[in-house]
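*Asks:* Sequence and computational prediction follow.
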Amino acid sequence: MADSASPAESELVPGSYLQPLADELAAIAAKLRDVASPSADVLEAANNAQRTQRLERSERRYLALARQAYALRRKRAAIFGNPELFGEPAWDILLDLYIAQAEGKPVSVSSACIGSAAPPTTGLRWLGVLADEGLVVRENDADDNRRVLVRLTRTGITAMERFFDSIGYHA
């Protein structure tokens, strides 16, 4: 009994049944390599997500500081009883606009004047100065043609964020 293998078994022995398994293992290995070493697009997307999270954390810190500064200014004026002692209408407008923009709220010119904690004519004058400096822009309200909105420009936002960074605030 030199050869006890059946004819069906001997047909499989030369390795014909191993090739499909080897091909399947090679495909699995290639998929594992792709998962282990992500493409440049996947890496870029992950880096963008991390940058966005850092930016969102910074924006939240800046928003918290702007709210705190605005509230402290109102509290100071209330305690001392005369808001004109501490008048900085331009700063109040910038803080108010920064907060509103971070919250996604539109601000009308009249509301910005109220936010300045100064008489309306003074608020309007300071809005003009801030616009001339390129820190704010006035735009017609697309929903109400009678209303004009005001918002910080990219330059204004950047200046506010540079200020917040410079004072070393970390929430």
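*Replies:* Received it, and whenever you're ready, just let me know what you need. Small disclaimer: the values here were computed from a predicted structure and weren't measured. Numbering: from 1, shown residues only.
*Asks:* And the residue nearest the centre of the chain, how far from residue 102?
*Replies:* The centre of the chain sits closest to residue 56, judged by Cα atoms, centre = their mean, with a distance of 4.2 Å. Using Cβ to Cβ, to the nearest Å, residue 56 is found at 11 Å from residue 102. The way it works is simple: take the backbone N, C-alpha and C, and place the C-beta from them, glycine included.
*Asks:* what's the burial count for the closest residue to residue 151 other than its chain neighbours?
*Replies:* Among residues not flanking residue 151 along the chain, residue 101 sits closest, at 5.8 Å (Cβ to Cβ, 6 or more residues apart in numbering). By other Cβ atoms under 10 Å, 18 other residues sit near residue 101.
*Asks:* secondary structure element for residue 101?
*Replies:* Residue 101 belongs to helix 89-102 when assigned by DSSP states H and E.
*Asks:* What lies in contact with that helix?
*Replies:* Applying Cβ atoms under 8 Å, 6 or more residues apart in numbering, the contact partners of helix 89-102 are 59, 62-63, 66-67, 69-70, 73, 106-107, 112, 115-118, 122-123, 126-127, 129-130, 135-136, 150-152, 156-157, 160.
*Asks:* what about this structure, any weak spots by pLDDT?
*Replies:* Filtered on pLDDT under 70, the chain yields the residue ranges 1-18, 33-55, 57, 83, 168-171.
*Asks:* That one: helices as residue ranges?
*Replies:* 7-12, 18-36, 40-80, 89-102, 109-115, 120-132, 154-166 (DSSP state H).
*Asks:* out of those helices, nearest to residue 140?
*Replies:* In terms of Cβ to Cβ, the element of these nearest to residue 140 is helix 109-115, at 10.8 Å.
*Asks:* tell me which residues in that closest one are buried?
*Replies:* 109, 111, 112, 113, 114, 115 (16 or more other Cβ atoms under 10 Å).
*Asks:* now the third one: how far from residue 165?
*Replies:* If I follow you right, that is residue 112. Taking Cβ to Cβ, one finds residue 112 at 24 Å from residue 165.
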